[in-house]
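> the sequence and its predicted three-dimensional model are supplied below.
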Amino acid sequence: MQEIAMSESDDISARLTALETVVSQLITHLAVRSDDPAGWVETRKVLALTAVNAREVAGVARLRDAVSGFFHQAESVAEDYSYPSGRGTPRPFAR
């Protein structure tokens, strides 16, 4: 059986997808371990968007959209782990 070789762009795309998956899982893991998961994710998102906005490249709007989309899963999970002020188990005791 003949093996079909991946093109260079397919290889890069696969590696970027794998990297995005790993980093997304890491961000989610770190967020839920913080005392304020939603705030932790929001801070990282703002820092990433600030870094993107500082770049002087074409397509900055696409980069901003990509960053915002990247943090969507972590924001959803962090909201589930965040407690409104005065409700639920305080984070230090929930671990």
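Sure thing, it's come through.
> contacts for the helix or strand where Ala78 lies next, please.
Taking DSSP states H and E as the criterion, the element that holds Ala78 is helix 72-81. Identification of contacts with helix 72-81 by CB atoms under 8 Å, 6 or more residues apart in numbering yields 24, 27-28, 31-32, 37-38, 40-42, 44-45. Glycine gets a C-beta too; all of them are placed from N, C-alpha and C.
> among these, which are in helices?
Members of the contacts of helix 72-81 lying in helices (criterion: DSSP state H): 24, 27-28, 31-32, 37-38, 40-42, 44-45.
> of those, which is the most crowded?
Scoring the ones in helices among the contacts of helix 72-81 on neighbours with other CB atoms under 10 Å, the highest-scoring entry is Val41 at 27 neighbours.
> look at Phe71 and report its pLDDT.
Each residue has a pLDDT score; the one for Phe71 is 92.
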